[in-house]
Structures are given as C-alpha cells and as structure tokens.
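Asker: just coords:
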C-alpha cells in the first residue's frame, strides 16, 4: 500500500485489522467495505510475515460485493465478498477455514446474525450457517470435481499416487502410512507430470485413524505447511470416500468423515446431490490498528 501524500499532508488514519483462526489456520482480517484500500502482494506478504508483520497463513479482505469488480455481478446473491490472499500475497480462489473466520468476523461486527448467509468467493458463492451461542460454523463448499489425470508426489525418495480433487482450488491427495513421510513441507512437494497443475497445487498427505476418520498434513501453495486447510480436508474426505467405495450419488446416503489436522478437527459430509458441507470452529482472537506509514514505506 502506497501513498502520494506530501510531507505536509495530514497523516493517514490507522487501518483497522483483526486476527482470527479456524482450527489454527490463521488470518489477518482487513475490513474494507467500500474497497478503498490498495493491497498489493507486497503489502499482504508484509502483513502476513510472522516476524516483521502481524502474521498469518493468509489475509481476508472484507469487501461489499457491489464495491469489488470481481464480485459485483454476484452482489444480488451475497452482500459480502471474501477477497482472499495467500501469505505470499498471491490471489487464491477459495479458503474453507477462511470462509468460517470471515463469517465469524461479520457476526462479531454486527453485520450478520446467527443463521444462514451467503459469501462471494473466487470459487463461487458459498452458503454459510452460523450456529447459535458462538458454536461451530458450517460451510456449503460446493461439489468436488474429480479430474481423471492424477500425479505422483515424491518426498525424500518415497513416491505415492495422488488423487486429483478440485474444490474450487486444486488438490492432490496422497494416502501414506505415516504422516512423517510428508517431510518438512517447507517447500512444495515435487509432483509429476507438472502439466496437471500448471498453477501449482495444494498437497495433502493422509493416514487412516479409524473408520471414516483421517489425519492429514497439508502444504498450501503460496503459504507452505499450515495447521489446517478446509478445502484440503474436503478433498481428502472425497478422495477417501471413493477409495473406500462410497459415493453418495450412487447410494443415496450422505457420508461423513472426521478429519484431524494439526490445528484441530473438521467434519466433512458429502450429500447425494454432491454438495459438500464442512463444519468446524472459527475464533477472533484480537483486533488493532495498522500504521499506514509502515505500509507506505514498503
């Protein structure tokens, strides 16, 4: 974020922010209903820096749909647009944990109440339900796409086939014997053929913990290993269901998997019509002000 103000101009006002997380997938939240702030990738990356900034796996830019060119056409369906950015400042289509935290912010700010609401994302309009009394939040995540072409993921000399699942953003799901086999996940795990995911991919490593109960580690493109990934949990549940021979569209019965991530547990249900619902917590932990002079100096 830059400013053309001269030295004699009055100082820019502080910029409000909040900090929140969903199963420890944490976000910087910047309310900007009128889409008046300029947030280039460098500013987002600086805000998400855990040592020199506020720190987060990503940034939730809260904008009214009618005020943002990417969401304006959907303003009649949903008042609010989640302009989501990865920790490196890159733009992302969707973030499942982020939608829950986004909804919790709207509730905290008095902009919505408990019950149902809709949120525009780059992955489409998402339907959200906020439980009463500060309980869990459920997000209708849409339908999973299952492209036929998968990849092979390799870490430290071990390789696994990975199922291609698209939840509005791309995922490669590998079932492993031990989550330690995923390695450090500081950098993106290599995969081949690269042509399957030309823009990169979120990679999930999953192990079974019991019937319809999984544990997962994930590398999110643009953010590295995160404590949780909502779309990743959904992708893993769908991949596991197909691996286990469960397809609600065929059986007519919903199927639910519990997915344990380092930051907590999510419940993922796939319905016969293909709709996937994800339920989990969302917490606002702090709020404050960003010094605009600091951003202007970046």
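Answerer: Alright, I've got the coordinates. Predicted, not measured: the structure shown is a model, and the values here were computed from it. Numbers count the residues shown, from 1 in each chain.
Asker: Please count neighbours and contacts with C-alpha atoms only from this point.
Answerer: OK.
Asker: all helices for this structure, in order.
Answerer: All helices of the chain, identified by DSSP state H, fall at 41-48, 96-108, 230-243, 248-251, 292-296.
Asker: Go through those helices and name the closest to residue 186.
Answerer: Of all the helices of the chain, helix 41-48 sits nearest to residue 186, with 16.1 Å by Cα to Cα.
Asker: Now do that closest one: distance to the chain's middle.
Answerer: Here the centre of mass of C-alpha atoms in helix 41-48, compared against the chain's by Cα atoms, centre = their mean, to the nearest Å, lies 17 Å away.
Asker: and it, what other elements does it pack with?
Answerer: Packing contacts for helix 41-48, counted by 3 or more Cα pairs under 8 Å, 6 or more residues apart in numbering; DSSP states H and E, involve strand 25-31, strand 58-64.
Asker: residues near residue 150, how many?
Answerer: 20 (other Cα atoms under 10 Å).
Asker: tell me the contacts of it?
Answerer: In this structure, residue 150 makes contact with 161-164, 172, 196, judged by Cα atoms under 8 Å, 6 or more residues apart in numbering.
Asker: Kindly reformat these as a markdown table containing pLDDT, neighbour count and distance to residue 106.
Answerer: Output for the contacts of residue 150, formatted as a markdown table (pLDDT from 0 to 100; neighbours: other Cα atoms under 10 Å; distance: Cα to Cα, whole Å):
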| residue | pLDDT | neighbour count | distance to residue 106 |
| --- | --- | --- | --- |
| 161 | 98 | 17 | 40 |
| 162 | 98 | 23 | 37 |
| 163 | 98 | 27 | 35 |
| 164 | 98 | 23 | 33 |
| 172 | 98 | 26 | 32 |
| 196 | 98 | 16 | 37 |
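Asker: can you tell me which of those are in strands?
Answerer: Among these, the members found in strands (DSSP state E) are 161-164, 172.
Asker: Let's see the pLDDT reported for the residue nearest the centre of the chain.
Answerer: Here the mean C-alpha position of the chain is nearest to the C-alpha of residue 95 (Cα atoms, centre = their mean), at a distance of 1.9 Å. The predicted local distance difference test score for residue 95 is 90.
Asker: And residue 297, by the same measure?
Answerer: Per-residue pLDDT puts residue 297 at 86.
Asker: ok, back up a step: surely the residue nearest to the centre of the chain touches residue 83?
Answerer: No. Using Cα atoms under 8 Å, residue 95 and residue 83 do not qualify as a contacting pair, with a distance of 10.2 Å.
Asker: low-scoring stretches of this structure, by residue?
Answerer: Under the criterion of pLDDT under 70, the regions of the chain flagged as low confidence span 1-12.
Asker: Can you give the domain ranges for this protein?
Answerer: Split into domains by automatic domain parsing, the chain comes to 15-136+283-296, 151-280.
Asker: Which of these sits closest to residue 145?
Answerer: Each of the domains of the chain was scored for nearness to residue 145 using Cα to Cα, and the closest is domain 151-280 (5.0 Å).
Asker: got the end-to-end distance for that closest one?
Answerer: 30 Å (Cα to Cα, to the nearest Å).
Asker: What of stretch 275-292?
Answerer: End-to-end distance for stretch 275-292, by Cα to Cα: 42 Å.
Asker: Over to stretch 235-255?
Answerer: Between the start and the finish of stretch 235-255 there is a gap of 14 Å, counting by Cα to Cα.
Asker: List the buried residues of it.
Answerer: Judged by neighbour count (16 or more other Cα atoms under 10 Å), stretch 235-255 contains these buried residues: 235-241, 246-248, 254-255.
Asker: Stretch 168-182 too?
Answerer: Burial within stretch 168-182, assessed by neighbour count using 16+ other Cα under 10 Å, is assigned to 168-176, 182.
Asker: Out of the buried residues of stretch 235-255, which is nearest to residue 205?
Answerer: residue 236 (8.5 Å).
Asker: ok, the closest one - contacts?
Answerer: Contacts of residue 236 were listed using Cα under 8 Å, 6+ apart, and they are 173, 204, 206.
Asker: out of these, who's nearest residue 114?
Answerer: Minimum distance to residue 114 across these is 32.1 Å, recorded for residue 204 (Cα to Cα).
Asker: what's the neighbour count on the closest one?
Answerer: Neighbour count of residue 204, defined by other Cα under 10 Å: 26.
Asker: Roughly how far does it sit from residue 170?
Answerer: Relative to residue 170, residue 204 is positioned 11 Å away (Cα to Cα).
Asker: Ok, residue 189 next?
Answerer: With the distance defined as Cα to Cα, residue 189 ends up 14 Å from residue 170.
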